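Peer 1: for reference, the sequence and a predicted model appear below.
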Amino acid sequence: MSKKIISIDQGTTSSRAVVFDEEGKLIDFEQKEFSQIFPNDGWVEHNPEEIWSSVVLVTKTLIKRLNLLPEDIASIGITNQRETTIIWDKDTGEVIYNAIVWQDRRTSSFCDSLRSEEDRIKKKTGLIIDPYFSATKIHWLLDNIEGARKRAENGGLLFGTIDSFLMWRLTEGREHRTDASNAARTMLYNINSNEWDEELLSLFNIPSSLLPEVCDNAFDFGHTNLFGGKISIGGSAGDQQSALIGQCCFEPGEVKSTYGTGCFMIVNTGEEVLQSNNKLLSTIGYRLKGKTTYALEGSIFVAGSAIQWLRDGLNFFEHASESESLVKQANKDSQVIAVPALTGLGAPHWDAEARGAIFGLTRDTGVPEITKAVIESIVFQTKDLLEAMKKDKALFKSLKVDGGMVANDWFNQELANVLQLSVFRPKIIETTALGSAYLAGLSAGVFESLEDLKSNWSVDKQFNPLESSSKYTEWQEAVKKVLSD
Ligand code: ADP
């Protein structure tokens, strides 16, 4: 039997285990949702024990269903919701508090107090100051959980993003490690020198003994004995970087855009850090054999979730897929513009206070016109990101898309038209899980090189740009009207 690779995909709402074969073909998967905890306005937490048990359950269930023995499994790869922060006891493994999730805003006033440090932090980490990243979450935990700071100063506590927490648990406490792509999202890691940054650690008052060792994305992270025998953990990457790898965006100028709940667009910028002047994030795409490949990232908070809002909030349709036929029924002359800033606006505006609006309503505006305007708004937001990336002088070669929304052909074609770029939808759109499987396969020797991986990527459908008049200028005017300042 040819060997299999297991990808553990620990996401924001569910944990999945996905089995791939040696050609990167998806064999089977298992998924389990877990609780979202909202203890206060703007606070979002997960129970780490529930995350852990969901990961063990999906992995065990899948191994059993496929009758896999440890020797059938070449390696395990991990990919995870990024920035989410856990601190646990070095000896007992007990967590000191729930995981503080990337969406959590509790540290926003602390972030505001750091504005004078903006430039220094950006130069070192590529990030803008925001509660999103791990550093202020760690700071909050140490200051607010009784006894935590003292225990940390005495070397009794460990910090990890989800990858690191899972690795520590999977190796039964033997390895406290993370990978470069996850480290790059903590706001404590210097992406230029590739090391934890002493100045930032002192700025955030975080003892270095808390931190995991930072490794390449394809690396022998350790092994687990929890699934019936010894299995190595060979790959790890944050979810969006994992999708970049799963989409084989290995050349500068190759871009992937994932349209799930939100949209995350990442362009490979090669061996140099490209500092953004347009509020995009500079980040580590991946690090292999000690060589770092950088990326520029922009995120849209509301993408597929705007379709969910039309479906569940406004009861426009029963299934997200119906949105496509509705758009085709819309009046072609409709001037409706929707700005779905339902939870603020992400890049390049970073305006948490902005709220949504619909402009240009007339007596004949109906469900199809509003649906069309909402889908167009996601296209326009992608163009905003692309324009920001271009202003930052990022190269642009092609756009590879994935995520639930790209099932909508009208959306993909409109993307191609408005961006005036060819848009490629791959056969495997499970690119996040695939990326970490590729990394695990690289370290296990299943795959030889990045070139080798490229031969697995194949296009399901290509959308070429057609001439079309779009309402992009009107969109830009509409966005100005919803910005908070
Ligand atoms: P996540 O991983 O963030 O949970 P998925 O990648 O599974 O998200 O994508 C699901 C999203 O895609 C949902 O928000 C849904 O509204 C949207 N979606 C699914 N099918 C379509 C479609 N045919 N047209 C437009 N949006 C769609």
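Peer 2: Cool, the structure landed.

Peer 1: quick check, the residue in the stretch 351-485 of the chain closest to the ligand?
Peer 2: The ligand sits closest to Gly404 of the stretch 351-485 of the chain, with a gap of 2.0 Å, by C-beta to the nearest ligand atom. Quick note: C-beta positions are derived from backbone N, CA and C, even for glycine.

Peer 1: what score does that residue have for pLDDT?
Peer 2: Gly404 is assigned 88 on the pLDDT scale.

Peer 1: how much space is there between it and Asp28?
Peer 2: 19 Å (C-beta to C-beta, to the nearest Å).

Peer 1: and if you look at Leu68?
Peer 2: From Leu68 to Asp28 the distance is 10 Å (C-beta to C-beta).

Peer 1: settle it for me: which of those two has more neighbours?
Peer 2: Set Leu68 next to Asp28 and count neighbours by other C-beta atoms under 10 Å: Leu68 wins out with 20 against 12.

Peer 1: common neighbours of Leu68 and Asp28, please.
Peer 2: Residues touching both Leu68 and Asp28 (C-beta atoms under 8 Å, 6 or more residues apart in numbering) are Val19, Leu62.

Peer 1: quick one on the thing from earlier: so how many other residues sit close to the residue of the stretch 351-485 of the chain closest to the ligand?
Peer 2: 17.

Peer 1: show me the contacts for it.
Peer 2: Gly404 neighbours (C-beta under 8 Å, 6+ apart): Tyr259, Gly260, Gly304, Ala320.

Peer 1: excluding its backbone neighbours, what's nearest the third one?
Peer 2: Beyond its immediate neighbours in the sequence, the residue positioned closest to Gly304 (C-beta to C-beta, 6 or more residues apart in numbering) is Met405, lying 4.8 Å away.

Peer 1: any idea how far that neighbour lies from Pro340?
Peer 2: Distance from Met405 to Pro340, by C-beta to C-beta: 13 Å.

Peer 1: quickly list what's touching both of those two.
Peer 2: Ile378.

Peer 1: do you know the pLDDT at Thr343?
Peer 2: For Thr343, pLDDT reads 79.

Peer 1: burial measure for it, as a count.
Peer 2: By other C-beta under 10 Å, the residues close to Thr343 number 15.

Peer 1: go ahead and confirm it touches Ser299.
Peer 2: No: using C-beta atoms under 8 Å, Thr343 is not in contact with Ser299; the gap is 11.7 Å.

Peer 1: residues contacting Thr258?
Peer 2: Taking C-beta under 8 Å, 6+ apart as the test, what Thr258 contacts is Gln240, Ala243, Phe264, Met265, Val401, Asp402, Gly403, Thr431, Thr432.

Peer 1: for Ser282, helix, strand, or coil?
Peer 2: strand (DSSP: H, G, I helix; E, B strand; the rest coil).

Peer 1: and the gap between it and Lys122?
Peer 2: Where Lys122 is concerned, Ser282 sits at a distance of 8 Å (C-beta to C-beta).

Peer 1: need the residues touching each of these two.
Peer 2: In contact with both Ser282 and Lys122: Gln275, using C-beta under 8 Å, 6+ apart.

Peer 1: which one of these two has more residues nearby?
Peer 2: More neighbours surround Ser282 than the other of Ser282 and Lys122, with 23 against 16 (other C-beta under 10 Å).

Peer 1: quick one: contacts for the more buried one?
Peer 2: Here Ser282 is in contact with Gly126, Leu127, Ile191, Thr269, Val273, Leu274, Gln275, Ser276, Tyr294, Ala295, Leu296, Glu297 (criterion: C-beta under 8 Å, 6+ apart).

Peer 1: wait, the last one touches Thr283, no?
Peer 2: Yes: using C-beta under 8 Å, Glu297 is in contact with Thr283, at 5.4 Å.

Peer 1: shared neighbours, those two?
Peer 2: Ile266.

Peer 1: so where is the stretch 51-200 of the chain shaky, pLDDT-wise?
Peer 2: Residues of the stretch 51-200 of the chain meeting the criterion pLDDT under 70: none.

Peer 1: just the helices in it please.
Peer 2: For the stretch 51-200 of the chain, the helices defined by DSSP state H, counting those that start in this stretch occupy 108-112, 118-125, 134-144, 148-153, 162-170, 180-183, 198-203.

Peer 1: so which of those gets nearest the ligand?
Peer 2: Closest approach to the ligand among those is made by helix 162-170 (15.2 Å; C-beta to the nearest ligand atom).

Peer 1: which residues are in contact with that closest one?
Peer 2: 8, 10, 48, 51-52, 55, 76, 78-81, 84, 86, 88, 93, 99, 158, 160, 175-179, 182, 212, 221-222, 224, 226, 233, 236-238.
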